[in-house]
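Student: this one's sequence-less:
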C-alpha cells in the first residue's frame, strides 16, 4: 500500500487483521497532513490531541498488528498473477511488486 495517512494506516490494520502480508510505503513521515496539525479537534474519540500525538497512536496501533512501514517513495509498480512476488530488477528506489490471487 502507498499512503501513510489515517486512511492508509487504517487500511493496513484491516489487511493485517485479514491475514494479508502488507507493507505500507510512505515517501514522507507517516501520518500525512494530520501529523503536522497543531491541534486535532474533530477526530472521534480523541479530544484535545495534537496531530503528532494522534499520528503516533495510529502508527503504534497499526504496528501492533504487524504492519511494516517503509519510508520510501514507490517509483514503479509491477503486477503479477498468482504466485510468489519477486522484484523484477534492482533499482535505486523501491520497486513494488503486487500479486493478486483473486481471493
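Tutor: That came through fine. Note that the structure is predicted; figures quoted are calculated from it, not measured. Residues are numbered from 1 along each chain as shown.
Student: helix, strand or coil for the residue nearest to residue 52 when sequence neighbours are not counted?
Tutor: Among residues not flanking residue 52 along the chain, residue 35 sits closest, at 6.0 Å (C-beta to C-beta, 6 or more residues apart in numbering). Heads up, the C-betas are built off the backbone N, CA and C, glycines and all. Here residue 35 is helix, with the state taken from DSSP: H, G, I helix; E, B strand; the rest coil.
Student: doesn't residue 55 make contact with residue 35?
Tutor: Yes - look at residue 35 against residue 55 with C-beta atoms under 8 Å: they come within range, at 4.2 Å.
Student: and these two? which has more neighbours close in?
Tutor: Per other C-beta atoms under 10 Å, whichever of residue 35 and residue 55 has more neighbours is residue 55, with 24 against 21.
Student: thinking again about what came up before, tell me the contacts of the residue nearest to residue 52?
Tutor: Each residue near residue 35 by C-beta atoms under 8 Å, 6 or more residues apart in numbering is listed here: 29, 51, 52, 55.
Student: For ChimeraX, write the selection for the buried entries among those.
Tutor: The following ChimeraX line selects those of the contacts of residue 35 that are buried, judged by 16 or more other C-beta atoms under 10 Å:
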select :51,52,55
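Student: now, which of the contacts of residue 35 sits nearest residue 68?
Tutor: residue 29 (15.7 Å; C-beta to C-beta).
Student: where along this protein do the helices fall?
Tutor: Along the chain, counting by DSSP state H, helices occupy 6-17, 51-64.
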